[in-house]
Structure formats: structure tokens, C-alpha cells
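Please work out how this folds:
(chains A and B)
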Amino acid sequence: GEEVAQTPKHLVRGEGQKAKLYCAPIKGHSYVFWYQQVLKNEFKFLISFQNENVFDETGMPKERFSAKCLPNSPCSLEIQATKLEDSAVYFCASTSRQGKTEAFFGQGTRLTVV
Amino acid sequence: GQQLNQSPQSMFIQEGEDVSMNCTSSSIFNTWLWYKQDPGEGPVLLIALYKAGELTSNGRLTAQFGITRKDSFLNISASIPSDVGIYFCAGRNTGNQFYFGTGTSLTVIP
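As a prediction, the model looks like this:
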């Protein structure tokens, strides 16, 4: 597609439940980035992929967070046993390649843990 | 993770005034990007800069890639009410990692 598509737009989970978010990058883009944005507007980097391979996972809380980008499927970010502090907007961005490139963002998924 | 220093944090201006905001980093970047985020929406790319010293315009917006590669600024001329939103800078390094500024919240008073 011509834009980064994230689903769902809103997600409400009880504490301890699993949450799964999806991101379809722009067609032809080989890099996908996940960010968490909390109330202070800070973009916290979580993980990035180059095609289906993890490129950088230095921001990923590994205990409960996992992510995948499989061929011919949307990328996914999964949170096991959600906690209240996981409430945030999760953004996905994609870029075409290294070199002269720009990152385009999806509309985000607002996760509310109650 | 690294956060870019973006200032000012917020601005309240009269319609028609010019706006200037900037970002600084302790690290060198090879790309600077400026985004605008409206409430409930994802960041929308405004301007991309790829070379030190580069000055690029997009309508009333002008941005520059600092000579040291550690800073960038964004100017908005003759502001209008729809310019309201949060503006973010982002820097990309040679490792294809993106780092974001803390945002500048712009309010335009008609």
C-alpha cells in the first residue's frame, strides 16, 4: 500500500491479558520500526526489522514484548501479560532502504490497559 | 535511548507571526527529518534533509541541516491556525537508527 497501515486503532486490555498490534509497511519498504509514545510525547524506540530479520532490538523490554515481521504478513508487536504502564500509543514506521530515505508513520494503535 | 534536545518546548503565537524551533544532538546524523503530529494522529513528514548545510523549503516551512551535522532548525512563516500541533525533529545515523526530539507544541492564536 501507499501508507503504513496499523490495526487496530484502539485496543483495551485488562491487566495481565495479551495485546497484539499489527503494522503493514508501505509496499517496497524493507525497514520497519516500532515506537511507544506516552503522555510526554516522547518516542521510545522498541525494535526495528530489515525485512523479516531483527535489525535493532535495543529498546525492547524482552520479558513481555515480542515482535515479528514475516514474509507476506503484517508485522506484529505482542505484549504478554500487559501492565498498566504499557498504556500508550504504539507507532510503526517504515523506510525504503539505507541511504537517502525517510521514515513514514502509521496512525498508531492506542493501547489502554485497565 | 538517546533523545534529541528540541526547543522551545511550547510556543504561543499570534496568527501571522513567524515561528522558529531547533534540535541539537551530541551525535552526528546523516539525515534530519521534521514531522508534525496532530492529536490522535501519527506524525506526518514535513521536510527531509540529507546534506550538511542544506536548506529546504516546503511552502511556508523552511528547514536547515546544520553544518556540524548535530543540529537542525525549522521555520514557519506567516503562521495560520492549522499550523497548531506538535512538531518533532528526528535524526537518522549511519546505523539507520532514528532518534526523536521531545517535541515543540505550537498554539496559534487567531
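
How much space separates the residue lying closest to residue A:15 once chain neighbours are set aside from chain B?
Nearest residue to residue A:15 in three dimensions, chain neighbours excluded: residue A:113, at 5.7 Å (C-beta to C-beta, 6 or more residues apart in numbering or on different chains). C-betas here are computed from N, CA, C, even on glycine. For residue A:113, the distance to chain B equals 19 Å [C-beta to the nearest C-beta, to the nearest Å].

Now do the same for residue A:113: its pLDDT.
Residue A:113 is assigned 97 on the pLDDT scale.

do residue A:40 as well
Value for residue A:40, per-residue pLDDT: 66.

ok, and for the worst-scoring helix or strand of chain B on mean pLDDT, which residues are buried?
The weakest-scoring helix or strand in chain B, judged by mean pLDDT, DSSP states H and E, is strand B:98-100 (a mean of 90). By neighbour count on 16 or more other C-beta atoms under 10 Å in any protein chain shown, the buried set for strand B:98-100 is B:98, B:99, B:100.

For the last one, which residues are in contact?
Going back to what we said before, that points to residue B:100. Contact analysis of residue B:100 by C-beta atoms under 8 Å, 6 or more residues apart in numbering or on different chains lists A:35, A:42, A:43, B:3, B:4, B:88, B:89, B:90.

how about the fifth one, what does it touch?
Right, the one you point to is residue B:4. Applying C-beta under 8 Å, 6+ apart, the residues near residue B:4 are B:23, B:24, B:25, B:89, B:90, B:91, B:99, B:100, B:101, B:102.

if we go to 7 Å?
Residue B:4 makes contact with B:23, B:24, B:25, B:89, B:91, B:99, B:100, B:101 under the criterion C-beta atoms under 7 Å, 6 or more residues apart in numbering or on different chains.

thinking again about what came up before, which secondary structure elements does the next helix-or-strand element following the least confident helix or strand of chain B sit against?
Using DSSP states H and E, the helix or strand that follows strand B:98-100 towards the C-terminus is strand B:104-109. On a contact count with 3 or more C-beta pairs under 7 Å, 6 or more residues apart in numbering or on different chains; DSSP states H and E, strand B:104-109 meets strand B:10-14, strand B:85-92.

List the pairing partners of strand B:104-109 within its sheet, with orientation.
strand B:10-14 (parallel), strand B:85-92 (antiparallel) (DSSP bridges).

So which of these is the most surrounded?
Comparing the strands paired with strand B:104-109 by mean neighbour count (mean count of other C-beta atoms under 10 Å in any protein chain shown), strand B:85-92 ranks first with a mean of 24.

Strands along chain A, start to end?
When secondary structure is read from DSSP state E, chain A shows strands at A:5-7, A:10-13, A:19-24, A:31-37, A:43-50, A:53-56, A:65-68, A:75-79, A:88-95, A:104-105, A:109-113.

Hmm, I typed the wrong one, I wanted chain B.
B:5-7, B:10-14, B:19-24, B:31-37, B:44-49, B:55-58, B:61-65, B:71-76, B:85-92, B:98-100, B:104-109.

Lowest average pLDDT across the ones you listed?
strand B:98-100 (a mean of 90).

How far away from the center of its chain is that strand?
12 Å (C-alpha atoms, centre = their mean, to the nearest Å).

likewise stretch A:84-94?
Worked out by C-alpha atoms, centre = their mean, stretch A:84-94 lies 7 Å from the chain centre.

quick check: mean pLDDT across it?
96.

That's all I had, so thanks and see you.
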